[in-house]
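**Student:** Okay, structure incoming, though there's no sequence with it:
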């Protein structure tokens, strides 16, 4: 399991820092095929938070957990009256919320409704290559030579 975290920051600061972190995670862990999905969903979410909390002193904490074939992106919002389930329910007809819902494989809220986790089912390219190589080696070892 790998854990990545950004320090608590304003939403504006988090937009750039999040994109850089997603890029680093995808490069380091051979998830390049998922960069577009993960970055689009998380950046759209941060943009929605920025627009809906204009004028409020909102701080956000961001963390990612990569374990086996799943990447979890967790966002914790502080300094706003908005609850995330309400935001997703009331905004379900808005294009950014629709897009996020289509891109994430799992969506879960924290008990206090100020945090949300997006789950992405991923398959690391390095794992896939190792499995293919192991399969190829097994097949080759089963070949009998006369």
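**Tutor:** Here it is on my side, so go on. This one's a predicted model, so the numbers in the text were calculated from it and none came from an experiment.
**Student:** hmm, which helix or strand of the protein has the shakiest average pLDDT?
**Tutor:** Least confident helix or strand, the chain: helix 125-141 with a mean of 54, by mean pLDDT, DSSP states H and E.
**Student:** Please name the nearest non-neighbouring residue to residue 103.
**Tutor:** residue 41 (4.0 Å; CB to CB, 6 or more residues apart in numbering). For every residue, glycine as well, the C-beta is placed using N, CA and C.
**Student:** wait, I meant residue 39
**Tutor:** Residue 39's closest residue in space is residue 22 (CB to CB, 6+ apart), at 4.8 Å.
**Student:** is it fair to say the one you found lies in a strand?
**Tutor:** No: Residue 22 is assigned helix when assessed by DSSP: H, G, I helix; E, B strand; the rest coil, not a strand.
**Student:** Please tell me I have it right and it contacts residue 41.
**Tutor:** No: assessed by CB atoms under 8 Å, residue 22 is found out of contact with residue 41, at 9.7 Å.
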